[in-house]
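# give me a 3D structure for the following:
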Amino acid sequence: ILSGAKEPRQCFGSFAPLRMTIAGAYRLGLPLHWGTMDDQVSAALRRARHVAVLTGAGVSAESGLPTFRDALTGLWAKHRPEDLATPEAFERDPALVWEWYRMRREGALRAEPNAAHLALARLESLVPRLTLITQNVDGLHRRAGSRTVVELHGDITRVRCSREGTPAAQWVESPPGGEPPKCAGCGAYLRPEVVWFGETLPEKMLNQAWAAVHDCDVFLAVGTSNLVEPAASLPWLAAAQGATVAVVNTTMEGQRSGVGIHHVTGLAGEVLPALFESAFPHYILRPEAR
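Model (predicted):
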């Protein structure tokens with residue numbers, strides 16, 4: 001309560017609900033510990049020895065990248081993403097699939113990491129241990145400076161041999177509409193280094209994610225609907241292990257509730273910098289103060 005007012009509304013008008021979220025306080029320039037409902041998450045972050053983070057398409061969307069299931073436009077309007085992202089589609093029409101992934105790869109390379117990517121990269125130096133798990137394939141976490149990223153679904157900016165699985169450091173791009181470039185070793189087509197429908201997730205990455213779930217004391221699920229398995233189970237398994245779980249998303253539809261699970265509604269690029277500034281006030285500053 002400020003200036004003797006009986007209610008926060010008397011000071012801040014309709015912009016100040018009785019229980020302000022961290023993101024709301026951040027946007028209004030209020031002290032981030034003032035009356036927030038997210039103090040438990042901030043306190044858990046300060047105490048944490050191991051923080052695990054799962055990011056989904058909502059984080060990439062804030063960099064201007066469409067989510068995988070957004071309706072396709074232009075020349076791709078007659079296709080469904082689910083019909084292009086399969087081994088069978090690549091075998092049936094490798095040129096079509098390669099062209100679609102080239103379009104997506106070029107979009108990912110044009111995009112820039114946003115405030116959420118940068119905040120998570122900074123978090124690595126603020127906690128004893130961080131495991132960053134992502135369902136996104138755009139490589140923006142690495143470009144933001146995150147050193148260790150568990151890429152469950154691969155990286156669209158990389159390619160590998162479709163036969164031997166050997167990564168290709170370089171390749172000569174084919175003309176638009178042409179067949180994919182070929183492996184220098186065996187002559188098979190190169191393909192995106194992503195996990196397609198019907199393929200299994202990389203065992204090493206999945207094991208790292210499971211290990212983090214069982215060891216972490218804070219788990220942040222950011223920009224994900226938590227509907228697509230097996231990643232969807234990670235935050236709830238962490239909660240069952242006793243971790244403090246914070247779900248950060250623009251909507252909480254379909255998200256679970258329960259002991260230790262906190263919902264923080266808002267854009268990741270607003271919520272995460274505010275949350276980390278609240279937990280570590282001497283390290284994370286508001287953008288205008290940098």
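
# need the contact list for R102.
With C-beta atoms under 8 Å, 6 or more residues apart in numbering as the criterion, the residues that contact R102 are E173. From N, CA and C alone the C-beta is placed, and that goes for glycine too.

# Provide the backbone phi and psi angles at it.
In this entry, R102 is assigned phi and psi values of phi -60, psi -40 (degrees, to the nearest 10).

# neighbouring strands for the longest strand along the chain, and are they parallel or not?
For the chain, the strand that runs over the most residues, judged by DSSP state E, is strand 154-161. The strands that strand 154-161 pairs with in its sheet are strand 167-168 (antiparallel), strand 190-194 (antiparallel) (by DSSP bridges).

# what sits up against the first one?
Counting by C-beta under 8 Å, 6+ apart, strand 167-168 makes contact with R158, V159, R160, C161, C183, A184, L190, E193, all of which sit outside it.

# the third one: neighbouring residues, count only.
Each residue near R160 was counted by other C-beta atoms under 10 Å, and the total is 17.

# go on, the second one?
Neighbouring residues of V159 were enumerated by other C-beta under 10 Å; the total is 24.

# how close does it sit to P180?
Going from V159 to P180 by C-beta to C-beta, to the nearest Å gives 9 Å.

# mind listing the strands for the stretch 101-250 of the chain?
Counting by DSSP state E, counting those that start in this stretch, the stretch 101-250 of the chain has strands at residues 130-134, 149-151, 154-161, 167-168, 190-194, 218-222, 244-249.

# in a markdown table, list those strands along with distance to S42.
Compiled in a markdown table, these are given as follows (distance: least, C-beta to C-beta, whole Å):
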| stretch | distance to S42 |
| --- | --- |
| strand 130-134 | 16 |
| strand 149-151 | 24 |
| strand 154-161 | 32 |
| strand 167-168 | 40 |
| strand 190-194 | 35 |
| strand 218-222 | 10 |
| strand 244-249 | 10 |
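
# let me know which of the strands paired with strand 154-161 is tucked in deepest.
With neighbours defined by mean count of other C-beta atoms under 10 Å, none of the strands paired with strand 154-161 is more surrounded on average than strand 190-194, at a mean of 22.

# quick one: mean pLDDT for it?
Rounded to a whole number, the mean pLDDT of strand 190-194 is 96.

# how far does that strand sit from its chain's centre?
Centre-to-centre, strand 190-194 and its host chain are 21 Å apart (C-alpha atoms, centre = their mean, to the nearest Å).

# render the CA-only coordinates of stretch 111-124 in CSV, please.
The C-alpha trace of stretch 111-124 is given here as CSV (Å, rounded to 0.1, in the frame of the first residue of the first chain):
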residue,chain,number,x,y,z
ALA,A,111,15.2,-15.0,-36.8
GLU,A,112,17.0,-13.5,-33.7
PRO,A,113,17.0,-14.8,-30.2
ASN,A,114,14.4,-13.0,-28.1
ALA,A,115,14.4,-11.9,-24.4
ALA,A,116,13.4,-15.4,-23.2
HIS,A,117,16.3,-17.0,-25.0
LEU,A,118,18.7,-14.4,-23.6
ALA,A,119,17.3,-14.7,-20.1
LEU,A,120,17.8,-18.5,-20.1
ALA,A,121,21.3,-18.1,-21.4
ARG,A,122,22.0,-15.8,-18.5
LEU,A,123,20.5,-18.2,-16.0
GLU,A,124,23.3,-20.6,-16.7
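
# and it, how far out from the chain's middle?
What separates the centre of stretch 111-124 from the centre of its chain is 10 Å, taken as C-alpha atoms, centre = their mean.
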